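# Make a model of this:
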Amino acid sequence: MTLSKPNLILTFTGDDLPSGHSAQQTVADSQIVRHSIRITEQLLDNLKSSSNQVTLQISRDCPSIEDIIGTDFDVRAVLKDGSDVIFTGFISTSFSWSVTNSGEQALNITMEDVGTRLFNRPFIETGHTLMDCTASSAVSAICSTVGVTVSSQCMTVTDRVFKVVDGGQSCRDILNKMLYELGYVYRFDNLGELRLFQINFPSFSKDLLPTLDGSNLKVTGNKAIGLSKSIRQYRHARVTYTELGTVQDFLVYRNTTGNDASHQYCNFSLSPGEHFDGTEIYSASDWAAALLDQFREPAMIEACNAASETATVGSNEILSVSDIHTTVVKGNDITYSIVPAGGPYLRIDAH
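Numbers count the residues shown, from 1 in each chain. Below you'll find the model as predicted:
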């Protein structure tokens, strides 16, 4: 692809830039080495989703080089041709730049698609969660977790997904396995938004395939067709699995913060405006600041098997909770909510 007016828009996501340096910078056409841009796009890799990338060189006089090399945070990048968006992604942390006796050389950078960077993050940090929804809903939940946008033109997949996800498992691993089993792959468009594509076509006709004969076969090394075969013998196979069960109407959470001789359960006072999230008490100002903090992770309270319920569920782990009913002894001036937070977790707010 030949770009007539290439330019690169960089957004530095961290706060470690030198004073006076803008978080958004533009690398102009004159600062991109001509004919250095290489765009690599691939939809499939062994019937699984692949990744796309762009490589280019930034000339030695570009002031953005200092910030690209110096930052420890992600750098979002949008490659344009004039005003048309060609590629959206992140600058790879692997690049080369050197100083020789002839002066500073161009910086060689690689732009990775959005998924290469963000899908390496885990869906949940610890514990387990249960996916019981359509494939499109699962894709949306995974993308929302890591900040990936699903394209409005993304196809809808109504196949049902029933899967237990372990803590620490990457979003890439979950998504690749789920879509592979259903016969789909994902890719990112030029805006960095995710789309799905179907790769298994049950109604595909073999009559649409071309026929190869002696007139269109190329002979290389005295061979036009090669065939190889490998025989493997399997004496036995072992299959293991874990059964999932469903129970209802049993205790999964009881707060005992501040309990004493006067009350065996949660027992403390909240001043006007204060909030309790199940782990700590916030003043009104601290709570307002916490809600605005985009890096704050809300307290996740893990549901557990109460001792009085072991006869029903034994010591098995809880993978998912829903349809929560609460029993609270409270004053008339206390407002509370206990809601599912995904998987075995609860989110609590009392004020």
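
# Domain map for the protein?
Domain ranges of the chain: 6-113, 128-198, 243-351, per automatic domain parsing.

# Take those and write them to a markdown table, including mean pLDDT, distance to Pro122 and mean neighbour count.
Yep, even glycine has a C-beta here, placed from its N, CA and C like the rest. Output for those, formatted as a markdown table (pLDDT from 0 to 100; distance: least, CB to CB, whole Å; neighbours: other CB atoms under 10 Å):
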| stretch | mean pLDDT | distance to Pro122 | mean neighbour count |
| --- | --- | --- | --- |
| domain 6-113 | 86 | 17 | 15 |
| domain 128-198 | 91 | 5 | 17 |
| domain 243-351 | 77 | 12 | 13 |
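
# Save those domains as JSON lines, and put in distance to Arg235 too.
Listed next are these as JSON lines, based on distance: least, CB to CB, whole Å:
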{"stretch": "domain 6-113", "distance to Arg235": "28"}
{"stretch": "domain 128-198", "distance to Arg235": "27"}
{"stretch": "domain 243-351", "distance to Arg235": "27"}
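
# Endpoints of stretch 129-142, how far apart?
Terminal residues of stretch 129-142 are spaced 12 Å apart (CA to CA, to the nearest Å).

# And stretch 238-251, by the same measure?
Using CA to CA, the end-to-end distance of stretch 238-251 comes to 37 Å.

# One more: stretch 292-299?
Taking CA to CA as the measure, stretch 292-299 stretches 15 Å from start to finish.

# From the chain's centroid, how far away is it?
Relative to the centre of its chain, stretch 292-299 is centred 18 Å away, using CA atoms, centre = their mean, to the nearest Å.

# what's the answer for stretch 141-153, then?
The chain centre lies 8 Å from the centre of stretch 141-153; the measure is CA atoms, centre = their mean.

# What ranges does the stretch 1-150 of the chain have for its helices?
Ranges of helices in the stretch 1-150 of the chain, per DSSP state H, counting those that start in this stretch, are 64-70, 114-118, 135-146.

# one step back: any idea which of the domains of the chain gets closest to Arg232?
Minimum separation from Arg232 across these (CB to CB) falls at domain 6-113, 19.0 Å.

# Tell me where the stretch 101-250 of the chain has strands.
103-104, 107-113, 128-134, 160-166, 184-188, 194-198 (DSSP state E, counting those that start in this stretch).

# From the chain's centre, how far out is the fifth one? Work that out for me.
Here strand 184-188 is found 13 Å from its chain centre; the criterion is CA atoms, centre = their mean.

# Within its sheet, name the partner strands of that strand and how each one runs.
Strand 184-188 has the following strand partners under DSSP bridges: strand 194-198 (antiparallel).

# just checking, what packs against the helix or strand following the partner strand?
Per DSSP states H and E, the first helix or strand lying C-terminal to strand 194-198 is strand 275-276. Counting contacts by 3 or more CB pairs under 8 Å, 6 or more residues apart in numbering; DSSP states H and E, strand 275-276 is packed against strand 281-282, strand 345-350.

# How far off centre is the shortest one?
Between the mean C-alpha location of strand 281-282 and the chain-wide mean there is a distance of 31 Å, by CA atoms, centre = their mean.

# So which elements touch it?
Looks like strand 281-282 contacts strand 275-276 (3+ CB pairs under 8 Å, 6+ apart).

# ok, residues contacting the strand it packs on?
Residues from elsewhere that reach strand 275-276, judged by CB atoms under 8 Å, 6 or more residues apart in numbering: 257, 270, 281-282, 284, 287, 348-351.

# Look up the closest residue to Ile334, ignoring the ones flanking it.
Nearest non-adjacent residue to Ile334, counting by CB to CB, 6 or more residues apart in numbering: Ala350, 6.3 Å away.

# And stretch 79-87, how far out from the chain middle?
In terms of CA atoms, centre = their mean, the centre of stretch 79-87 is found 25 Å from the chain centre.

# now do the same end-to-end measure for it.
One end of stretch 79-87 sits 5 Å from the other (CA to CA).

# Distance to Pro340 added to the strands of the stretch 101-250 of the chain, as JSON lines?
Shown next, in JSON lines, are the strands of the stretch 101-250 of the chain (distance: least, CB to CB, whole Å):
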{"stretch": "strand 103-104", "distance to Pro340": "56"}
{"stretch": "strand 107-113", "distance to Pro340": "33"}
{"stretch": "strand 128-134", "distance to Pro340": "11"}
{"stretch": "strand 160-166", "distance to Pro340": "15"}
{"stretch": "strand 184-188", "distance to Pro340": "27"}
{"stretch": "strand 194-198", "distance to Pro340": "25"}
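
# Which one, of the ones you listed, ends up nearest to Leu292?
Of these, nearest to Leu292 by CB to CB is strand 128-134, at 27.0 Å.

# Leu227 is nearest to which of the domains of the chain?
Shortest separation from Leu227 across the domains of the chain is recorded for domain 6-113, at 20.6 Å, computed as CB to CB.

# related to what we said a few turns ago, I'd like to know which of the helices and strands packed on strand 275-276 is closest to Ile9.
The nearest among the helices and strands packed on strand 275-276, by CB to CB, is strand 345-350 at 36.9 Å.
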